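Novice: Have a look; sequence and predicted model below, questions after that.
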Amino acid sequence: MAVSTKERVLGGMLGLTAGDALGVLVEFCTREELDADPVVDMRSGGTSAFPS
């Protein structure tokens, strides 16, 4: 089954927005901070102090 260019673009945009939303908690953390307190579930906070 061939995937159209439109479907590829939409899939890329969906992946980008999901990754951006899920990565907000760790985007400015150092490796040492993540090793000490790894993200293993959904959390509130982050650099923008988002509520849960």
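Specialist: Looks like it arrived, so ask away.
Novice: For the longest helix belonging to the chain, what is the distance to the chain centroid?
Specialist: When the chain is parsed with DSSP state H, its longest helix is helix 5-23. When distances are taken as CA atoms, centre = their mean, to the nearest Å, helix 5-23 is centred 11 Å away from the chain's centroid.
Novice: For the next helix or strand after that helix, output the C-alpha coordinates as PDB.
Specialist: Per DSSP states H and E, the first helix or strand lying C-terminal to helix 5-23 is helix 31-36. Listed next in PDB are the C-alpha coordinates belonging to helix 31-36 (Å, rounded to 0.1, in the frame of the first residue of the first chain):
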ATOM      1  CA  ARG A  31      21.900  13.500  32.000                       C
ATOM      2  CA  GLU A  32      22.900  13.500  35.700                       C
ATOM      3  CA  GLU A  33      19.500  14.900  36.700                       C
ATOM      4  CA  LEU A  34      17.700  12.300  34.600                       C
ATOM      5  CA  ASP A  35      19.800   9.500  36.000                       C
ATOM      6  CA  ALA A  36      19.000  10.600  39.500                       C
END
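Novice: Give the rounded mean pLDDT of the longest helix of the chain.
Specialist: Averaging pLDDT along helix 5-23 gives 92.
Novice: Pull the residues that contact that helix.
Specialist: Applying CB atoms under 8 Å, 6 or more residues apart in numbering, helix 5-23 has no contact partners. In this view, the C-beta of every residue, glycine as well, is placed from N, C-alpha and C.
Novice: Give the buried residues for it.
Specialist: Under the neighbour-count criterion of 16 or more other CB atoms under 10 Å, helix 5-23 has nothing buried.
Novice: Pull the number of nearby residues for A36.
Specialist: 9 (other CB atoms under 10 Å).
Novice: Revised request: answer the last question for D35.
Specialist: 9.
Novice: Now for it: which residues touch it?
Specialist: By CB under 8 Å, 6+ apart, no residues touch D35.
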